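Q: here are the coordinates; sequence isn't available:
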């Protein structure tokens, strides 16, 4: 995972290797050239050495002849040895070009040595004339040696002319090579560095762009970096973060929506509560007023009116109190009785109510105001339109498993689609309801209360009455 | 765009690499052409010494000698002095002796110093000496042999040519060097031996030295003393240039019969200009060749002893008319 580091290390290593190769090559070249120079210099030095040695021999010889002492002789021998050594060194310098002149040179030195030896011999037998003659000969030979050195050096220069020029040319070429090499390496390094930096910065740039997009709030763009370094790791992590944030935001949005809905519902609820409170005031007042009127009517001797008013008040109170709680069937039947009293007062002989109630079933709990709307519906459809009036049957039958409540009339019946609407809890536009509680409402409440759908059934036909059947199971499933 | 960039980069890289490589090759190429160390010692070292380096005649001698030396596998160098410098010439000779050459081929010089060197020093070191072109008699120089023209015969030839050109009557000036070198006396005697048969031919001897002023002075002297002279023979070829120059100052050169030898520095050019009527042409290349060959034979013990009289090379007369 440390691949950027690896890359940097690699680049540095490559540069280092290149540098060291160049350095080594140049050092090697330098060493080689230095050696050549040294060799050439050595040649000249050894040649010069021999000449100097020969001159020294002459000087020592002269000293010895002027003053033939033992230490002078020793010195002479020493310089002679020196000359021999120098001769051997010069001998090493032979090559195809200078063999001839070098052999001459060496022979001259040999000759000088021989002559010196002859002088010493003459000196020992004190033949002064001969030794003086030989000495002048030795002088001449020494001069020849000097001259020969010059021509030897001259030959040397001629032989090595091309070589020297080559060296000069080459040293110029080294500078050129340096420049070219510098250019080449600079170029290569530039390209390599560019490529290298690109390999680092490109993912970073991608990442930056992605971050930018993210900061703008676009969480749906995938972040993809196809390298195998840390940046890619970073990108993956970043991408994961993006996905997480995305999910979180979605969740938050959902929550916000829910909360919003809840808020609205609350407001609606409050509103409706407020309304219901508001609407409660009038009924209570009305209810009290009705009671007062009932007492007043009773006092004035109109008992029937008083009873009617009591029924109305009871119905009203029931209506107000019991809307959202369960009541016993008994209470429901009582309310039904009161309602029917009012309706009887209204329709007199036209309304014939037949009640068959099994008293053992009256303890069963049902939602409040469930039976009254059906009766009301029966009154509206079976009694009101007919002048001769009609019959309404109300039965509570105790069954084995369930209690059946039937409300039957002999009216004109109910249309099929209307029946269906009622059973599917759709709002049915019905007119003339006194309690304002619709069928659908009742059906819904019944189903909710009992927890099963099969709680109501309507049997009806055109012109042959309507029968509403409530089926209340004894054992709650 | 990207493609163009890549192509440019690659081409830059190629160009730079190319130049770097070329440069590197030049720097690191290892053809340090040093002469090889020579281990073989068996080659004979010979030297050819002359007084007149860089004259056409001696160039030819050197050429022939070098060619032959190469053939025989000997090492030969040509030494010498310029412009007849005898002192330098003798010095070179002494160096050659002191350097213990295996053999010396030398232009003979009929002087005491030369004979001293050949007789005493060279034989002291046991170095064989061969004279070439100009001879010094063996009895005086102890040379091994002589290779060159038969100078006596050359004299005869030039004298005969003179007679055939001029006729059997006339005045002839023989100009020669005061230093009576052996080859010169040979030539003179050859000429004399021919001319003595023609009593009507008068001979006038003009001695001179080798300096230019001296030659001019002698020429003037001759012309003053013998205004009716018909012919000149420059027995020493080196004299001819200055002599003809002096004659031409006074008279037309054409009417005179002027003869010389080819071993002078100006001989050939004078002949080409028509100022010389004829000259003896020797065989310098042959001399060089033969001298090396004989010396090698002697050194290898193939021909011992060498002919003491010498080996003569061809001579022929070269007339100005032939060249034109």
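A: Arrived safely, thanks for sending. Owing to the predicted nature of the structure, the values given are computational and were not obtained by experimental measurement.
Q: need the helix or strand of the chain with the lowest average pLDDT.
A: No chain specified, so I'll use chain A. Across the helices and strands of chain A, the lowest-confidence element by mean pLDDT, DSSP states H and E is helix A:416-423, at a mean of 79.
Q: The helix or strand harbouring residue A:166 - contacts with which helices or strands?
A: With the criterion set as DSSP states H and E, the secondary-structure element containing residue A:166 is helix A:161-216. The helices and strands touching helix A:161-216, judged by 3 or more Cβ pairs under 8 Å, 6 or more residues apart in numbering or on different chains; DSSP states H and E, are helix A:3-66, helix A:230-299, helix B:2-28. Heads up, the C-betas are built off the backbone N, CA and C, glycines and all.
Q: Ranking the ones you listed by mean neighbour count, which comes first?
A: Relative to the other members of these, helix A:3-66 carries the highest mean neighbour count by mean count of other Cβ atoms under 10 Å in any protein chain shown, namely a mean of 15.
Q: quick one on the thing from earlier: for the least confident helix or strand of chain A, which residues meet the burial criterion?
A: Residues of helix A:416-423 classed as buried by neighbour count (16 or more other Cβ atoms under 10 Å in any protein chain shown): A:418, A:419, A:421, A:422.
Q: check contacts around the most centrally placed residue in chain B.
A: Most central residue of chain B, judged by C-alpha distance to the mean C-alpha position with Cα atoms, centre = their mean, is residue B:58 at 2.7 Å. For residue B:58, the contact set (Cβ atoms under 8 Å, 6 or more residues apart in numbering or on different chains) comprises B:50, B:52, B:80, B:107, B:263, B:284.
Q: Going by distance to residue A:332, which of these wins?
A: Residue A:332 has its nearest neighbour among these in residue B:80, at 165.4 Å by Cβ to Cβ.
Q: Just the pLDDT at the closest one, thanks.
A: Per-residue pLDDT puts residue B:80 at 89.
Q: Up against chain B, what does the stretch 351-477 of chain A have?
A: Residues of the stretch 351-477 of chain A that fall close to chain B, judged by Cβ under 8 Å from any Cβ of the partner chain: none.
Q: Low-confidence stretches in the stretch 351-477 of chain A?
A: By pLDDT under 70, the low-scoring segments of the stretch 351-477 of chain A are A:427-437, A:476-477.
Q: which residues of it fall in helices?
A: Listed in chain order, the helices of the stretch 351-477 of chain A (DSSP state H, counting those that start in this stretch) span A:371-378, A:416-423, A:439-450.
Q: mind checking which of the ones you listed is nearest residue A:167?
A: Comparison of those against residue A:167 by Cβ to Cβ identifies helix A:439-450 as nearest, at 115.7 Å.
Q: Buried residues, that closest one. List them.
A: Using 16+ other Cβ under 10 Å, the residues of helix A:439-450 that count as buried are A:439, A:440, A:441, A:442, A:443, A:445, A:446, A:450.
Q: Same list, the residues you listed, but as CSV with distance to residue A:188 please.
A: As requested, these are exported to CSV (distance: Cβ to Cβ, whole Å):
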residue, distance to residue A:188
A:439, 94
A:440, 89
A:441, 90
A:442, 94
A:443, 90
A:445, 90
A:446, 92
A:450, 91
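Q: hang on, the earlier thing: and the helices and strands packed on helix A:161-216: which comes nearest residue B:102?
A: helix A:3-66 (22.4 Å).
Q: elements contacting the closest one?
A: The contact analysis (3+ Cβ pairs under 8 Å, 6+ apart) places helix A:3-66 against helix A:70-91, helix A:99-124, helix A:128-159, helix A:161-216, helix A:230-299, helix B:2-28.
Q: between those, which one is nearest to residue A:408?
A: Shortest distance between residue A:408 and these, using Cβ to Cβ, is found for helix A:230-299: 31.3 Å.
Q: quick one: low-confidence parts of chain B?
A: Under the criterion of pLDDT under 70, the regions of chain B flagged as low confidence span B:30-42, B:324.
Q: circling back: okay, the helices and strands packed on helix A:3-66 in JSON lines with distance to residue B:45 next?
A: As requested, these are exported to JSON lines (distance: least, Cβ to Cβ, whole Å):
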{"stretch": "helix A:70-91", "distance to residue B:45": "15"}
{"stretch": "helix A:99-124", "distance to residue B:45": "6"}
{"stretch": "helix A:128-159", "distance to residue B:45": "14"}
{"stretch": "helix A:161-216", "distance to residue B:45": "24"}
{"stretch": "helix A:230-299", "distance to residue B:45": "82"}
{"stretch": "helix B:2-28", "distance to residue B:45": "39"}
